[in-house]
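>>> When you get a sec, could you give me coordinates for this:
(one chain, ligands or ions: 1)
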Amino acid sequence: MYMQKELLKVTDLKQYFPIKGGFLGRTVNHVKAVDGITFHVNEGETLSIVGESGCGKSTTGRSILRLDEPTSGEVIFNDTDLLSLSKRKMRSVRKDLQIIFQDPYASLNPRMTVRQILSEAMNIQKVVPKKEQENKILELLDIVGLGAHQIDRYPHEFSGGQRQRIGIARALSVDPKLIICDEAVSALDVSIQAQVLNLLKKLQREFKFTYLFISHDLGVVRHISDRVIVMYLGKIVEIADKKSLFTNPQHPYTISLLSAIPSPDPEKKRDRIILKGDVPSPIDPPTGCRFHTRCPFATEKCVTDVPELRTTNLMEGGHQAACHYLEEIKEGIMQPT
Ligand code: SF4
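So this is what the prediction gives:
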């Protein structure tokens, strides 16, 4: 049987940001943005991380790339332990790990033309000899659906969707293995979103890219993913292949997120589950299950005991969720309050 290679393996990753206070500016507390998450990304797949703002999904992407140095954990990329690399070695590995940001305008230097933006990345990583760069840039523009006549234009001369295509071309310019898309289509109009998502999928088919796709938008995640991680307040609460997650969600948080998506079939109306209150602060997260302050099924046990990710006989193919009462909720033995 063909075994998929794990291109990225993240183990017990933590990212605590210190909060300074008092007269001496000492660390008085921490924002526990990511609090001990473990997952892997297979070569050639799209793994999405979804959750509300503040759940730690973007911090996870930045921590993997060491744009923010993680507090602890292990990140193995293509058999290399990234967190043990010197800054210089990390820079050379970064060629294989690219990121596309949400705001294409903010991430492109407004004083540089497209030619300069793309050749800058190639020069830093020395992937293409200087005399071949022009051809490579023209090829990249063609791949992302831009024209050769646009090579000497500045970012402000492009639309939002076109700017995101430049961001994609920049990521591709160094022949990466893994591309982290951090809310990469969130700033775009819906029709442009679809174009950019289709472009990402086409590039994946052609060049076998691996994507870690970070988004708050379940509709977008459903379109692009092979597998999905749901995060809540710095923790993974559910992980599954796309079909299992969308047809057989287990965790009450995932069920509530999915219940908010309008069903395309009016016959299949879902009962909307409205969560109580707002997401608590990651400075002082709730004890036990972090979701207990908003969960309609919470019991005393949920306040004290941390649920681990686990599977049940109602789940298939690597599907896991972190809740004490998966069976009782699915079988209707427990009802929401
Ligand atoms: Fe809700 Fe308790 Fe399950 Fe957490 S462990 S999701 S609070 S029922």
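
>>> Which residue, other than its chain neighbours, is closest to the closest residue to the ligand within the stretch 1-150 of the chain?
In the stretch 1-150 of the chain, the residue that lies nearest the ligand is Gly51 (14.1 Å; C-beta to the nearest ligand atom). All C-beta spots, glycine's among them, are computed from the backbone N, C-alpha and C. Closest residue in space to Gly51, ignoring its immediate chain neighbours: Met231 at 3.9 Å, by C-beta to C-beta, 6 or more residues apart in numbering.

>>> residue contacts, the one you found?
Met231 makes contact with 37, 49-51, 55-57, 60, 237, according to C-beta atoms under 8 Å, 6 or more residues apart in numbering.

>>> on that earlier part again, phi and psi next, for the residue of the stretch 1-150 of the chain closest to the ligand.
When quoted as degrees, to the nearest 10, the phi and psi of Gly51 stand at phi 170, psi 170.

>>> Confirm for me that it is in contact with His216.
Yes - Gly51 lies in contact with His216 (C-beta atoms under 8 Å); the separation is 6.9 Å.

>>> So which of the two has more stuff around it?
Neighbour comparison, Gly51 and His216: the larger count goes to Gly51, with 27 against 17 (by other C-beta atoms under 10 Å).

>>> Just list the residues touching the more buried one, thanks.
57, 216, 230-232.

>>> Same check on Cys289?
By C-beta under 8 Å, 6+ apart, Cys289 lies in contact with 295, 298, 302-303, 305-307, 322-324.

>>> re the thing from before, next step: the contacts of Gly51 restricted to strands.
Judged by DSSP state E, the contacts of Gly51 include 230-232 as members of strands.

>>> For the stretch 151-300 of the chain, what lies in contact range of the ligand?
Near the ligand, the residues belonging to the stretch 151-300 of the chain are 251-252, 289, 291-292, 295, 297-298 when assessed by C-beta under 6 Å from any ligand atom.

>>> what's in contact with the strand or helix carrying Arg165?
Element membership for Arg165, per DSSP states H and E: helix 160-172. Contact with helix 160-172 is made by 98-101, 104-105, 107-108, 114, 117-118, 121, 140-141, 143-146, 150, 155, 158, 179, 184-185, 187-189, 192, 195-196, 199-200, 203, 207, as judged by C-beta under 8 Å, 6+ apart.

>>> Could you do stretch 237-245 as well?
By C-beta under 8 Å, 6+ apart, the list of residues contacting stretch 237-245 from outside reads 39, 221-222, 225-231, 248-251, 253-254, 291, 309, 315-323.

>>> Sort out which of the residues you listed are buried, if you could.
Among the contacts of stretch 237-245, those that count as buried by neighbour count (16 or more other C-beta atoms under 10 Å) are 39, 221-222, 225-231, 249-251, 253-254, 291, 309, 315, 319-323.

>>> Tell me the spacing between Phe101 and Lys235.
The gap separating Phe101 from Lys235 is 24 Å, by C-beta to C-beta, to the nearest Å.

>>> When the two are compared, which one has more neighbours?
Lys235 (23 against 20).

>>> Mind listing the residues bridging to the more buried one?
In this structure, Lys235 has beta-bridge partners Tyr232, where bridges are defined by DSSP bridges.

>>> now, which of the contacts of stretch 237-245 lie within strands?
Secondary structure from DSSP E places 39, 227-231, 320-321 of the contacts of stretch 237-245 in strands.

>>> Now pLDDT too, for the residues you listed, in TSV please.
Listed next are those as TSV, based on pLDDT from 0 to 100:
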residue	pLDDT
Phe39	98
Arg227	97
Val228	98
Ile229	98
Val230	98
Met231	98
Gln320	98
Ala321	98
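
>>> quick one: which of these is nearest to Phe17?
Taking C-beta to C-beta as the measure, Phe17 lies nearest Met231 of the ones in strands among the contacts of stretch 237-245, at 16.4 Å.

>>> and the residue nearest to Gly51, how far is that from Asp103?
From Met231 to Asp103 the distance is 21 Å (C-beta to C-beta).

>>> Ok, Lys330 next?
Separation of Lys330 from Asp103 (C-beta to C-beta) stands at 40 Å.

>>> Check Ser159 too.
If you go by C-beta to C-beta, the gap between Ser159 and Asp103 works out to 14 Å.

>>> neighbour count winner among the two?
Each of Ser159 and Asp103 had its neighbours counted (other C-beta under 10 Å), and the higher figure belongs to Asp103 (16 against 12).
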